[in-house]
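**Q** no sequence on this one, just coordinates:
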């Protein structure tokens with residue numbers, strides 16, 4: 001990829017995103033054209049001499065033009081990606097771009113199958129689509145509200161005197177709720193992205209037990225509204241997320257074994273909780289250097 005220079009004049013984030021999306025969509029359209037031609041038995045990237053009569057009225061084989069267009073759009077796409085980053089648009093610039101290009105079902109595939117693209121970046125990209133939808137709904141709502149009533153029409157009057165404009169304005173009553181729902185979708189997706197990042201940040205050698213505990217007091221947590229806190233008087237530990245939604249990130253300090261010999265390594269809080277529930281098991285402190293999992 002060649003080096004690029006980006007805009008010297010400050011460009012708004014939304015402008016950089018729109019440029020990036022249109023260029024990306026153009027690149028995707030060219031790729032779709034190539035696949036469609038290939039299905040028809042035509043190689044769009046073949047040498048002109050291989051086109052066997054597929055020429056324009058001027059006798060010009062399109063392969064050279066297609067290759068030039070593809071090279072140019074790929075170069076422009078590289079610039080647009082960099083420009084989006086410089087302007088602060090980030091990876092969300094291309095959210096939903098796959099829906100700008102026709103394919104079976106109306107969209108291009110998002111991945112190879114369920115679970116193949118579970119990532120914070122993808123969740124935020126989809127969230128930006130919801131943001132855009134909310135914005136479009138708000139614009140539509142403004143259009144409904146801009147339908148004017150007669151200047152001499154009173155604010156309140158009998159329904160049987162309503163004009164067509166009155167009825168049009170009333171027809172948009174669902175739009176505020178629709179915009180709110182789209183914004184909630186965006187918030188939920190962004191919280192999902194944060195949750196994925198928290199899970200990924202837990203070290204492999206941490207406790208990683210899935211039920212939530214206070215690191216010091218054990219099974220004393222309450223979680224509600226996406227937040228957790230310890231109920232023990234004087235503790236004061238609080239988390240701005242549901243601690244049970246991520247593996248325990250605390251360091252292991254104990255080997256816990258039940259009466260059947262099953263068990264594993266646990267942190268202070270989980271070992272304390274397990275010790276109160278075990279019948280015939282053991283809770284043994286780890287020796288120095290023993291806390292690393294194989």
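**A** That came through, no problem. Keep in mind that what you see is a predicted model, and the values were worked out from it rather than measured.
**Q** what sits against the residue nearest to residue 175 when sequence neighbours are not counted?
**A** Computed as C-beta to C-beta, 6 or more residues apart in numbering, the closest residue to residue 175 that is not its neighbour in sequence is residue 141, at 4.1 Å. Heads up, the C-betas are built off the backbone N, CA and C, glycines and all. Counting by C-beta atoms under 8 Å, 6 or more residues apart in numbering, residue 141 touches 172, 175-176, 179.
**Q** just the helices in this structure please.
**A** 13-39, 62-86, 120-146, 164-171, 175-201, 268-277 (DSSP state H).
**Q** between helix 120-146 and the fourth one, find me the angle.
**A** Spelled out, it's helix 164-171. 150 degrees (axes from the mean of the first three to the mean of the last three C-alpha atoms, to 10 degrees).
**Q** so how far is helix 164-171 off the chain centroid?
**A** 37 Å (C-alpha atoms, centre = their mean, to the nearest Å).
**Q** what's the closest of the contacts of residue 141 to residue 251?
**A** residue 179 (45.8 Å; C-beta to C-beta).
**Q** so the closest one sits against residue 138, correct?
**A** Yes. Shown here, residue 179 and residue 138 form a contact pair, counting by C-beta atoms under 8 Å, at 5.3 Å.
**Q** comparing those two, which shows the higher neighbour count?
**A** The neighbour comparison of residue 179 against residue 138 (other C-beta atoms under 10 Å) goes to residue 179, with 19 against 16.
**Q** what residues are up against that one?
**A** Taking C-beta under 8 Å, 6+ apart as the test, what residue 179 contacts is 134, 137-138, 141.
**Q** who touches residue 186 in this structure?
**A** Neighbours of residue 186 in contact, by C-beta under 8 Å, 6+ apart: 127-128, 130-131, 134.
**Q** cutoff 10 Å now
**A** Taking C-beta atoms under 10 Å, 6 or more residues apart in numbering, we find residue 186 in contact with 124, 126-134.
**Q** which residue packs closest to residue 76, ignoring adjacent ones?
**A** Closest to residue 76 by C-beta to C-beta, 6+ apart is residue 23, at 5.2 Å.
**Q** OK, contacts around that neighbour?
**A** Contacts of residue 23 (C-beta under 10 Å, 6+ apart): 73-81, 83-84, 94, 97.
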